[in-house]
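Undergrad: Return a 3D structure for these sequence lines:
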Amino acid sequence: MKVDSICQNSNSDGFIPFPLLRLPLKTLKSVLLEMGPIERTIFSMLSDKTKDYTRTLCIFKGFHLSVNVSDSLMCDFTINGNDYYFFSFKNGEVIVRKRNQENITFTAPPFDERSWLDHFFHIFNPSAIYLMFQYYNRKFDEPQFQIVQECLKGQKIGYLFIGLTSDPEMKHIVSILNAFLPVDNVYVNTNQNLQLNSNQLSTLRQIMPWNFKDLTITVNIPLNDLLLLNCVSLKIRSKQLTEKDLNLFLKYWIAGLKPELEYLNFVGNGPSLNQQNVLEGIPYQLGPVEREFELYQMDTEFGGIDIQMAGGAKATLVFCPRNAQFTVTLHNSKYISFN
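TA: From the prediction side, this is the model:
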């Protein structure tokens with residue numbers, strides 16, 4: 001029985017259900033906000049009217065919506081990064097769960113993949129969406145990809161994650177980026193233990209000169225390919241780049257070869273880096289030990305190593321003592337703030 005008729009008719013026992021949808025909108029909103037996010041979502045799925053009420057009353061205001069494309073379509077959402085809720089859809093079946101809790105499974109005959117995504121976009125009305133494609137040991141699903149692409153027309157993608165490992169799927173990275181760029185934050189993740197073959201490197205080289213804002217890439221590439229990357233912020237995770245490679249990259253950047261780059265974070269393999277090898281031949285000054293500053297998405301740092309860049313700009317470098325990692329940030333950028 002539809003929600004509309006449930007709210008209007010009594011059942012065979014003479015019991016008259018509470019007329020929820022006849023409540024004034026302000027009262028209805030208060031009632032819905034007393035529900036948990038999972039219950040609100042299921043309420044929105046009961047009818048077109050409940051779907052529209054959920055959107056009109058801004059029941060999910062402040063929530064962040066992610067779409068995860070893998071062997072099923074998953075919409076997950078959170079508020080303030082605390083609790084996470086997951087709704088996955090595959091072959092007409094819905095699996096619902098809250099993080100660290102048991103699954104709830106039910107069928108949803110009215111939905112297919114397209115209407116499932118459209119429903120979530122409608123009720124959340126998101127200002128931006130996190131979009132993740134995960135092709136770890138699975139084939140690229142062209143029909144599924146086309147549905148996602150069509151449903152996301154007109155939606156702002158705030159973050160795009162592409163995870164893949166196999167050679168046949170690597171070629172689709174270009175199609176995915178072409179479909180959804182421009183995106184402020186892009187993360188391309190391959191298996192860090194994987195040594196790329198010539199076909200995979202050739203595919204990646206197609207996208208390296210593209211203009212990215214914030215790019216995170218986990219991939220084993222040589223120095224020449226690293227120099228091709230074109231972005232404002234770069235996070236690179238690689239086991240292939242040596243300390244000598246990093247030293248040469250820094251020298252090229254300092255000389256002005258990468259004028260667009262404002263932030264670099266490198267994470268390699270093994271224990272901490274040899275600072276002398278990375279800084280060999282680079283003039284620098286140690287910052288005052290009492291100097292306190294914050295780097296982008298990192299803890300508060302002290303001191304630092306100051307480097308003079310071409311054109312008069314200054315950068316600060318910080319080594320991580322716990323692993324093979326360092327960060328370099330230009331001053332007067334959003335990626336560093338001095339206290």
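Undergrad: Pick out the residue nearest the middle of this structure.
TA: Centroid-nearest residue in the chain, with Cα atoms, centre = their mean: Tyr159, separated by 4.1 Å.
Undergrad: who's in contact with that one?
TA: Residues near Tyr159 by Cβ atoms under 8 Å, 6 or more residues apart in numbering: Ala128, Tyr130, Leu131, Val183, Asp184, Asn185, Val186, Tyr187. From N, CA and C alone the C-beta is placed, and that goes for glycine too.
Undergrad: average model confidence for the strand or helix carrying the second one?
TA: In this case it means Tyr130. Taking DSSP states H and E as the criterion, Tyr130 maps to strand 129-135. Averaged over strand 129-135, pLDDT sits at 92.
Undergrad: Which residues does the residue nearest to the centre of the chain form beta bridges with?
TA: Tyr130, Asn185 (DSSP bridges).
Undergrad: Can you read off the pLDDT for it?
TA: 95.
Undergrad: cool, and Ile104?
TA: pLDDT, Ile104: 86.
Undergrad: try the one 10 residues further on
TA: The predicted structure scores Arg114 at 92 on the pLDDT scale.
Undergrad: ok but it is inside a helix, no?
TA: Yes. Using DSSP: H, G, I helix; E, B strand; the rest coil, the secondary structure at Arg114 is a helix.
Undergrad: Not counting residues beside it along the chain, what's closest to it?
TA: Nearest in space to Arg114, with sequence neighbours left out and distances taken as Cβ to Cβ, 6 or more residues apart in numbering, is Ile147 at 5.1 Å.
Undergrad: Look up how far Asp83 lies from the one you found.
TA: Ile147 sits at a distance of 28 Å from Asp83 (criterion: Cβ to Cβ, to the nearest Å).
Undergrad: residue ranges for the strands of the stretch 51-200 of the chain, please.
TA: In order along the chain, the stretch 51-200 of the chain carries the following strands (DSSP state E, counting those that start in this stretch): 63-69, 73-79, 84-90, 93-98, 104-107, 129-135, 157-164, 185-189.
Undergrad: Export the ones you listed to TSV and append columns for distance to Tyr252.
TA: Rendered in TSV, the data for these read as follows (distance: least, Cβ to Cβ, whole Å):
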stretch	distance to Tyr252
strand 63-69	36
strand 73-79	40
strand 84-90	41
strand 93-98	48
strand 104-107	54
strand 129-135	32
strand 157-164	27
strand 185-189	22
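Undergrad: Point out the other helices and strands that the strand holding Tyr130 packs with.
TA: strand 63-69, strand 157-164, helix 172-180 (3 or more Cβ pairs under 8 Å, 6 or more residues apart in numbering; DSSP states H and E).
Undergrad: I'd like a version of those in JSON lines, one that adds distance to Gly312 as further columns.
TA: Supplementary listing: those in JSON lines, determined by distance: least, Cβ to Cβ, whole Å:
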{"stretch": "strand 63-69", "distance to Gly312": "39"}
{"stretch": "strand 157-164", "distance to Gly312": "34"}
{"stretch": "helix 172-180", "distance to Gly312": "34"}
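Undergrad: With respect to Thr327, which of those lies nearest?
TA: strand 157-164 (20.4 Å; Cβ to Cβ).
Undergrad: Can I get the closest one in CSV? Just the C-alpha atoms.
TA: The C-alpha trace of strand 157-164 is given here as CSV (Å, rounded to 0.1, in the frame of the first residue of the first chain):
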residue,chain,number,x,y,z
ILE,A,157,32.3,16.7,-8.7
GLY,A,158,34.4,17.9,-5.7
TYR,A,159,36.6,14.8,-5.6
LEU,A,160,37.3,12.1,-8.1
PHE,A,161,39.0,8.9,-7.1
ILE,A,162,40.1,6.3,-9.7
GLY,A,163,41.5,3.0,-8.4
LEU,A,164,42.8,0.4,-10.9
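Undergrad: can you give me the angle that strand makes with strand 129-135?
TA: 10 degrees (axes from the mean of the first three to the mean of the last three Cα atoms, to 10 degrees).
Undergrad: Pick out the least confidently modelled helix or strand of this structure, by mean pLDDT.
TA: helix 3-6 (a mean of 30; mean pLDDT, DSSP states H and E).
Undergrad: In JSON lines, list the contacts of Tyr159 along with neighbour count and distance to Pro209.
TA: Formatted as JSON lines, those follow (neighbours: other Cβ atoms under 10 Å; distance: Cβ to Cβ, whole Å):
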{"residue": "Ala128", "neighbour count": "15", "distance to Pro209": "26"}
{"residue": "Tyr130", "neighbour count": "19", "distance to Pro209": "26"}
{"residue": "Leu131", "neighbour count": "23", "distance to Pro209": "23"}
{"residue": "Val183", "neighbour count": "19", "distance to Pro209": "17"}
{"residue": "Asp184", "neighbour count": "15", "distance to Pro209": "19"}
{"residue": "Asn185", "neighbour count": "17", "distance to Pro209": "19"}
{"residue": "Val186", "neighbour count": "24", "distance to Pro209": "14"}
{"residue": "Tyr187", "neighbour count": "17", "distance to Pro209": "18"}
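Undergrad: before we move on, the earlier item: between Ile147 and Asp83, which is the more surrounded one?
TA: Ile147 (20 against 14; other Cβ atoms under 10 Å).
Undergrad: returning to what we had before: and Ile217, which of the strands of the stretch 51-200 of the chain is closest to it?
TA: Taking the strands of the stretch 51-200 of the chain one by one with Cβ to Cβ, strand 185-189 is closest: 4.7 Å.
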